[in-house]
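structure, please.
(one chain, ligands or ions: 1)
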Amino acid sequence: MLLNFSKMHGLGNDFVVVDNVTQNVFFSKEKIQQLADRNFGIGFDQLLIVEPPYDPDQDFHYRIYNADGSEVSQCGNGARCFAKFVKQKGLINRNKIIVSTKAGRMVLYLEKDGNVTVNMGRPVFTPELIPFKANKQENFYIIRDNEHTFFCGAVSMGNPHCVIEVDDVDNYDVQGIGEIIGNNERFPEGVNVGFMQIISRSEVKLRVFERGSGETLACGSGACAAVAIGIMQDKLDKEVNVTLAGGRLIIKWQGEDSLLKMTGPAEHIYDGQVTL
Ligand SMILES: N[C@@H](CCC[C@H](N)C(=O)O)C(=O)O
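Just a heads-up that it's a prediction; the model follows:
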């Protein structure tokens, strides 16, 4: 069969987006890995699937798969592309879009300037809900293995994140350390590992080694996680510009019990068809 898809990106974090409202396609883990391959497939960090809503008060259900074929419950850059996709494809004609994911409900706003704002919900710091093995909730944790000791923060933005503050993110071994922490047994479902360099209370640089996809040019939920942790540690203000390799996001969070908002671009690259 022929699959219609769009290639999109949010700050270089790239996606294949599939309309499964008008199409009905099943993707096996092997098929996703093959399509994600940058030499033998289309190439993407994540596959995003638009499904009909599960509930009448939602517009769509949003499914996310990493390049390794694992299904996950959050993708912030993907959410902005999702919003542009459903509007551009005429699947909705409103600028406020309500979606459900494996992690819950999300609201997406198409802004007049072309950016998209995502209400990412409340950051969750309870260790067992991240999930992260710890005796109690803290703003700083120590993670050790035989050779290393890391000081980090941990949070769920619908998906698990660990954030480490570093002095010089451009010259940091993101892949090496990302793999070590990503495989640490204290994160039973794996973890996205963010490396944050704080420039000022309102400006950070961030690189993220993503679970299931490796280092990407940007990670939206990773940017939200880094700012939420920085605010909890009283190192950041309530509005922060996050610079990633692919560009900049604005993250706003008033603190515990408030909803966190992310604003940034979403770009359509091309439409294509592939034989499945
Ligand atoms: N690129 C993403 C996050 C995608 C999912 C992540 N790799 C996971 O396994 O949780 C983003 O922009 O948030």
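
quick one: buried residues of the helix or strand Leu3 falls within?
With the criterion set as DSSP states H and E, the secondary-structure element containing Leu3 is strand 2-10. Counting neighbours by 16 or more other C-beta atoms under 10 Å, one finds that the buried residues in strand 2-10 are 3, 5-10. All C-beta spots, glycine's among them, are computed from the backbone N, C-alpha and C.

now for whichever helix or strand comes after it, which elements pack on it?
Under the assignment DSSP H and E, the closest C-terminal helix or strand after strand 2-10 is strand 13-19. Using 3 or more C-beta pairs under 8 Å, 6 or more residues apart in numbering; DSSP states H and E as the contact definition, the elements that strand 13-19 packs against are strand 2-10, strand 46-51, helix 76-88.

list of residues touching strand 13-19?
3-9, 25, 35, 42-50, 75, 77-78, 81-82, 85, 89, 91, 216-220, 246, 269 (C-beta atoms under 8 Å, 6 or more residues apart in numbering).

which of the helices and strands packed on strand 13-19 sits closest to Gly153?
Distances from Gly153 to each of those were compared using C-beta to C-beta; the shortest belongs to helix 76-88, at 17.4 Å.

and the following helix or strand past that closest one, what's buried?
Sequence-wise, the next helix or strand beyond helix 76-88 is strand 96-101, with elements assigned using DSSP H and E. Taking 16+ other C-beta under 10 Å as the neighbour-count basis, strand 96-101 is seen to contain the buried residues 97-101.

out of the residues you listed, which comes closest to the ligand?
Distance to the ligand across the buried residues of strand 96-101 (C-beta to the nearest ligand atom) is lowest for Thr101, with 10.8 Å.

report the beta-bridge partners for Gly272.
Phe5 (DSSP bridges).

any idea how far it lies from the ligand?
21 Å (C-beta to the nearest ligand atom, to the nearest Å).

so that residue sits against Leu2, correct?
No. Shown here, Gly272 and Leu2 do not form a contact pair, counting by C-beta atoms under 8 Å, at 10.2 Å.

what's the first helix or strand after the helix or strand that Phe150 is a member of?
Mapping Phe150 onto the secondary structure by DSSP H and E places it in strand 149-156. The element immediately downstream of strand 149-156 (helix or strand, assigned by DSSP H and E) is strand 160-165.

within the sheet, what are the partner strands of that following strand, with directions?
For strand 160-165, the paired strands and their directions (DSSP bridges) are strand 149-156 (antiparallel), strand 192-200 (parallel).
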